[in-house]
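# Just need the structure, nothing else, for what follows:
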Amino acid sequence: MKFLYSDTQDYVNPNYDFIKDCHEPGHKRYWDDKYAHEMVVPEPYDGLLMSMSSIRQVKGLSGSKVHYSTAEEQRLLREGARKFLRYDQPHHLDKMVMGDCGAFAYAALPTPAYSPQEVIDFYIDAEFTHGCSPDHIIFDCDLNNPSASDLLASNKSSTLDRYEITLQNAEEFLKINQFEGKPFEAIAPIQGWSPESMGNAALDLEKMGYEYLAVGGLVPLNMPTIHEVLRSIRSKIKLETKIHLLGFAKANYIQDFTGYGITSFDSTSPLIKAFKDNKNNYFMPDGDGIKFYTAIRIPQATENYRLMQGIKMGILNTETLIQKERLALDTIRAFDKGLTSVEETLDIIIDYHSYLLLESHEGHTPQQVRELEKTRALMKNTLLDRPWQNCQCSICKDCGIEVIIFRGSNRNKRRGFHNLSIYHTYVQNILEK
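Numbering: from 1, shown residues only. Prediction:
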């Protein structure tokens with residue numbers, strides 16, 4: 001079972017100055033930066049996935065979010081994904097570089113944003129090893145397994161349209177790929193409105209000639225529903241037919257899905273949790289599982305949105321914030337050296353952190369006070385265990401205490417790289433067992 005990381009231009013500056021909080025003079029984005037596989041030893045994933053919708057503007061949808069500029073897209077297609085991602089060393093050549101359409105980006109449209117031919121051309125130019133046909137997401141998954149006629153009676157004809165579009169695109173996609181000489185392994189996403197319909201779709205795709213299927217639309221589904229979907233799919237297809245889980249947001253529970261013959265899955269969850277989760281920001285091994293710690297939040301006084309709003313409203317004072325920010329940073333670094341106690345460190349950090357919640361001159365509400373107490377308890381657990389000092393990964397050994405500070409992308413993404421490393425080892429341990 002291979003763990004693929006879905007790239008969204010996640011790289012950091014290896015020479016970033018944490019004390020001055022700045023890049024070196026002349027720093028060039030991307031060119032002077034490094035991806036996780038260039039910084040973490042051993043590498044923290046088994047392959048990479050790129051979504052077309054994060055690279056190319058979605059047609060028919062104004063303001064769709066793309067991570068790549070036009071120049072970057074052109075260079076990607078000119079050089080190929082491996083070279084662009086600097087995933088082209090000799091030991092990378094047998095690793096998957098997979099493409100998908102990023103169907104969530106165009107889910108609001110009546111049809112997929114890209115045609116099978118357009119997707120094929122994109123995959124060939126990018127030199128992907130594997131590529132998914134353009135599917136159309138179905139968000140509902142009814143465990144009562146209603147029939148197609150039941151959907152029509154419930155005025156859900158659009159669901160059936162998405163189901164048929166996904167199958168039709170897969171059939172055309174496979175034919176074009178075969179005509180082109182199979183430059184990559186074709187993967188067909190499975191869409192359906194119930195476990196049974198998804199199982200039927202998987203069987204139809206297998207009959208078309210697909211040997212690799214991808215289960216799409218998993219993000220909004222709960223654990224029991226995902227199990228029902230996978231049971232239905234696996235019961236109707238051959239044992240040797242491979243399955244990929246697209247955008248598997250339940251990455252921390254992958255051990256519960258090893259019985260379905262999963263070949264691969266992709267997730268951004270370990271990295272994203274580093275800076276988007278409220279408390280589970282830093283991973284550490286814990287027996288057969290993973291233990292989560294809360295990062296120490298010390299935001300940039302003159303860049304944080306909440307603090308800036310407080311300054312504009314006249315609630316906060318810029319000079320005071322800068323002084324408290326500096327004191328919090330000095331204190332956490334002193335704590336790392338054993339020069340301050342846990343409680344003294346928490347007092348100073350929570351004092352600064354409290355300004356994030358301040359919304360008026362009247363002080364904090366009882367609810368905000370309780371929130372601060374919860375945050376203090378979570379941070380205390382982190383400081384008591386000092387996990388960054390016990391971690392032997394290349395990220396933590398290189399930047400030490402800075403990895404646990406929730407502050408700016410160069411720290412937060414480094415923590416995400418660390419999480420990917422811990423998570424990848426966790427997946428490998430599951431497979432060994």
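# I'd like to know how many residues surround Tyr68.
Tyr68 is surrounded by 18 other residues when neighbours are defined as other Cβ atoms under 10 Å. All C-beta spots, glycine's among them, are computed from the backbone N, C-alpha and C.
# Correction: the previous question concerned Asp10.
Other residues within reach of Asp10, judged by other Cβ under 10 Å, total 19.
# Quick check: it touching Leu271?
Yes. With the criterion set as Cβ atoms under 8 Å, Asp10 and Leu271 qualify as a contacting pair; they are 6.3 Å apart.
# okay, and the common contacts of the two?
Ala36, Lys413, Gly416 (Cβ atoms under 8 Å, 6 or more residues apart in numbering).
# wait, what's in contact with the second one?
Lys413 makes contact with Asp10, Tyr11, Val12, Leu271, Ala274, Phe275 under the criterion Cβ under 8 Å, 6+ apart.
# Which member of those residues is positioned nearest Glu432?
Leu271 (23.7 Å; Cβ to Cβ).
# lowest confidence element among the helices and strands of the chain?
Across the helices and strands of the chain, mean pLDDT, DSSP states H and E gives its lowest value to helix 305-312, namely a mean of 88.
# Okay, and which of the contacts of Lys413 map to strands?
Applying DSSP state E to the contacts of Lys413, the entries found in strands are Tyr11, Val12.
# Dump the contacts of Lys413 to CSV, plus pLDDT and distance to Gly310.
Putting the contacts of Lys413 into CSV (pLDDT from 0 to 100; distance: Cβ to Cβ, whole Å) gives the following:
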residue, pLDDT, distance to Gly310
Asp10, 94, 30
Tyr11, 96, 32
Val12, 97, 29
Leu271, 96, 29
Ala274, 97, 25
Phe275, 95, 21
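# list the buried ones in the helix or strand hosting Phe3?
Element membership for Phe3, per DSSP states H and E: strand 2-6. By neighbour count, with 16 or more other Cβ atoms under 10 Å as the criterion, the buried positions of strand 2-6 are Lys2, Phe3, Leu4, Tyr5, Ser6.
# Need the residues you listed in TSV (columns: distance to Pro116).
What follows is the buried residues of strand 2-6, written out as TSV (distance: Cβ to Cβ, whole Å):
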residue	distance to Pro116
Lys2	25
Phe3	28
Leu4	22
Tyr5	26
Ser6	22
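# follow-up on the earlier one: which one of the contacts of Lys413 is nearest to Ala113?
Proximity of the contacts of Lys413 to Ala113 (Cβ to Cβ) peaks at Asp10, which lies at 23.7 Å.
# Not including adjacent chain positions, what is the nearest residue to that closest one?
Once flanking residues are discounted, Asp10 sits nearest to Lys413: 5.8 Å by Cβ to Cβ, 6 or more residues apart in numbering.
# Model confidence score at that neighbour, please.
The predicted structure scores Lys413 at 97 on the pLDDT scale.
# Distance of it relative to Gly199?
From Lys413 over to Gly199 the distance is 39 Å, taken as Cβ to Cβ, to the nearest Å.
# would you list every one of the strands in the stretch 251-400 of the chain?
Using DSSP state E, counting those that start in this stretch, the strands found in the stretch 251-400 of the chain span residues 262-267, 282-286, 289-293, 296-297.
# Using a markdown table, lay out those strands together with distance to Gln191 and mean neighbour count.
Written out in a markdown table, the entries for the strands of the stretch 251-400 of the chain read as follows (distance: least, Cβ to Cβ, whole Å; neighbours: other Cβ atoms under 10 Å):
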| stretch | distance to Gln191 | mean neighbour count |
| --- | --- | --- |
| strand 262-267 | 17 | 22 |
| strand 282-286 | 32 | 19 |
| strand 289-293 | 31 | 17 |
| strand 296-297 | 39 | 21 |
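# and Val215, which of those is closest to it?
strand 262-267 (9.1 Å).
# Paired strands for the closest one, with orientation please.
Listed by DSSP bridges, the sheet partners of strand 262-267 and their directions read strand 2-6 (parallel), strand 242-245 (parallel).
# Report the mean confidence score over it.
For strand 262-267, the mean per-residue pLDDT is 94.
# chain center to that strand, what's the gap?
13 Å (Cα atoms, centre = their mean, to the nearest Å).
# Name the residues that touch that strand?
Judged by Cβ under 8 Å, 6+ apart, the contacts made with strand 262-267 from elsewhere in the structure are 1-6, 46-47, 49, 96, 98, 212, 242-249, 251, 254.
# longest helix anywhere in this structure?
The helix that spans the most residues within the chain, counting by DSSP state H, is helix 408-432.
# Kindly calculate the angle that that helix makes with strand 262-267.
170 degrees (axes from the mean of the first three to the mean of the last three Cα atoms, to 10 degrees).
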